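*Asks:* From the sequence below, what's the structure:
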Amino acid sequence: MRNSLIQAYLPLVIWVGLGAGLGRFLPAALPRLLGRGLYWIGIPLEIFTLARQTHFAEDTGLAPLYTVVSLGLGLGLGLVGLAVVRSLAATIPAEAVAIEIGVAPGSELLPSQPVELALWPDTATMTWVDKPRQGSFVLASMLGNTGFVGLAIVPTLVSGPYLGWAVFYSVTQNVVGTYGLGVFIASWFGRGAQTKSRWQQLRDVVTVPSLWAFALGSVSQVWAWPPLLDEALHQSVWLVIPVALVLMGLRLSQLQGWSSLQPALVPAMLKVLVLPVMVGAVTLGAGLPKDGVLVLVLMSGMPSAFAGLILAEEYDLDRELAAASIALSTGGLLLTIPLWLLVFG
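*Replies:* Numbering: from 1, shown residues only. Reported below is the predicted structural model:
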C-alpha cells in the first residue's frame with residue numbers, strides 16, 4: 001500500500017512543488033488565467049474523454065445514487081460547519097474583552113462598539129461575514145478530488161468489478177456535483193455582492209461547458225473515430241492534470257503561513273474524516289457489498305477538489321481558503337486511507 005501511495009502522490013508533489021516554487025516569479029494574473037482556461041477548456045476536455053472512453057457496466061447503476069447522497073451529506077456538513085464557525089466568530093462587547101485581559105474598561109481606552117473575536121483569524125480582508133469565504137468553505141466541505149487523486153489511488157487499493165463504481169462516482173460528481181450544484185453554490189456566493197435572480201443562477205448552471213462535454217462525450221460513443229484521435233484525447237488528460245496541479249501550487253505559494261491555513265481546518269476535516277464516516281454508515285446500513293462500500297468511502301474521502309479552486313477563480317470566491325483546504329485535506333488523506341482500509345476493507 002505504501003508503494004502505491006508513493007506512486008500516486010509523486011506527480012502531486014512534483015507539479016504542486018513546481019507551481020509553489022515559481023509562484024513568486026510569475027505574473028500575478030497567471031493563476032486566474034490558468035483557472036479560467038481549465039474551467040472552459042481543460043476540464044471539459046477531460047470529462048468529454050472520460051465520458052466517451054468509459055463503458056459502464058450494469059453493476060455501476062447504484063454508484064450515481066450514492067454519489068448524490070454523498071454530495072447531499074457534504075453540503076449539509078458544510079452548511080452546519082459554516083454556521084458553527086460563524087457563531088464562534090460572533091462579536092463580543094468591548095467591556096468583556098477588557099475584563100478578559102485584565103484591563104479596566106473605560107471610554108478613553110476602549111471603543112464603545114463591539115469588537116469581533118474570531119477563533120480563526122481572518123486572512124487578508126476576508127471575514128466569515130463575506131459570502132465569497134462562505135462559498136469556498138461549503139465547496140471545500142462538499143466536493144472531492146475524485147478525478148486527479150481518486151482515480152489515481154483507488155484502482156491501486158481495490159480490484160474487481162467495483163472499480164467501475166469509482167469511475168462512475170468521479171463522473172457523477174463532476175457533472176452533478178462540481179459543475180451542477182457546485183456552480184449553483186459558487187454563483188450564489190460569488191462575484192462580489194451582486195444580487196442574482198434565479199434565472200441568472202439557472203443560466204450559470206446550464207451554460208457550464210463540462211455538462212455539455214459529458215453529454216457530447218456520452219453520445220459520441222456510437223461514433224467510430226480514428227484510433228489516433230482517441231489516443232490524442234486520452235493523452236490530453238495527462239496535460240490537464242499537471243496544469244491543475246501547477247495552479248494549486250501557484251495558489252499555495254500565496255498562502256501567508258499558518259494564519260492562512262487555520263480557516264481551512266474545519267472544511268478539510270469535514271471532507272476527509274467526517275463525510276467518509278457518514279457515507280460508510282449509510283452504505284453499510286443499505287446492505288451494499290463490502291467492496292462497494294470501500295470504494296464509496298474512499299472516493300467520498302478524497303481531498304477537497306481542485307475544481308473548488310477553479311470555481312473560486314471563475315466566480316471570485318475566497319481563493320486562499322480554497323487552496324488551504326486542498327493543502328490540508330491532501331495531507332490528511334495520507335492518514336485516513338489506512339484507517340478506511342482497516343475499518344471497511
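
*Asks:* low-confidence ranges in the stretch 1-150 of the chain?
*Replies:* Flagging of the stretch 1-150 of the chain using pLDDT under 70 yields the residue ranges 1-5, 7-9, 54-60, 90-126, 148.

*Asks:* Could I get the phi/psi values of Q256?
*Replies:* Dihedral pair for Q256: phi -100, psi 60, per degrees, to the nearest 10.

*Asks:* contacting residues around the residue most central in space within the chain?
*Replies:* Nearest to the mean C-alpha position of the chain, by C-alpha atoms, centre = their mean, lies A305 at 2.5 Å. Contacts for A305 were tallied using C-beta atoms under 8 Å, 6 or more residues apart in numbering; they are L139, L143, G144, N145, T146, T178, I326. (C-beta placed from N, C-alpha, C; glycine too.)

*Asks:* quick one, domains of the chain?
*Replies:* Annotated domains of the chain cover 2-89+127-344, 91-119 [automatic domain parsing].

*Asks:* Help me confirm that V167 comes into contact with L151.
*Replies:* Yes: in this structure, V167 is within contact of L151 by C-beta atoms under 8 Å, at 6.8 Å.

*Asks:* who's more crowded, these two?
*Replies:* In this view V167 and L151 are compared by other C-beta atoms under 10 Å, and V167 has more residues nearby, 24 against 21.

*Asks:* that older thread, deepest-packed of the domains of the chain, please.
*Replies:* Highest mean neighbour count among these (mean count of other C-beta atoms under 10 Å): domain 2-89+127-344, with a mean of 19.

*Asks:* just how off-centre is that domain within its chain?
*Replies:* Relative to the chain's own centre, domain 2-89+127-344 is displaced by 4 Å; criterion: C-alpha atoms, centre = their mean, to the nearest Å.

*Asks:* related to what we said a few turns ago, which non-adjacent residue is nearest the residue nearest to the centre of the chain?
*Replies:* L143 (4.0 Å; C-beta to C-beta, 6 or more residues apart in numbering).

*Asks:* Over to V176?
*Replies:* Closest residue in space to V176, ignoring its immediate chain neighbours: V68 at 6.2 Å, by C-beta to C-beta, 6+ apart.

*Asks:* just checking, what packs against the helix or strand containing L79?
*Replies:* Secondary structure assigned from DSSP states H and E places L79 in helix 63-88. When contacts are defined as 3 or more C-beta pairs under 8 Å, 6 or more residues apart in numbering; DSSP states H and E, helix 63-88 packs onto helix 131-142, helix 163-172, helix 265-269, helix 275-285, helix 290-300.

*Asks:* Would you map the strands across the protein?
*Replies:* Secondary structure of the chain (DSSP state E): strands located at 91-92, 115-116.

*Asks:* thought Y66 was touching V279?
*Replies:* Yes: if you go by C-beta under 8 Å, Y66 and V279 touch, sitting 7.4 Å apart.

*Asks:* hang on, the earlier thing: now flag whichever of the contacts of A305 is closest to Y39.
*Replies:* Y39 has its nearest neighbour among the contacts of A305 in T178, at 10.4 Å by C-beta to C-beta.

*Asks:* Tell me who's in contact with the residue nearest to that closest one when sequence neighbours are not counted.
*Replies:* Closest residue in space to T178, ignoring its immediate chain neighbours: A307 at 4.4 Å, by C-beta to C-beta, 6+ apart. Applying C-beta under 8 Å, 6+ apart to A307 gives the contacts I43, L143, N145, N174, T178, Y179, G182.
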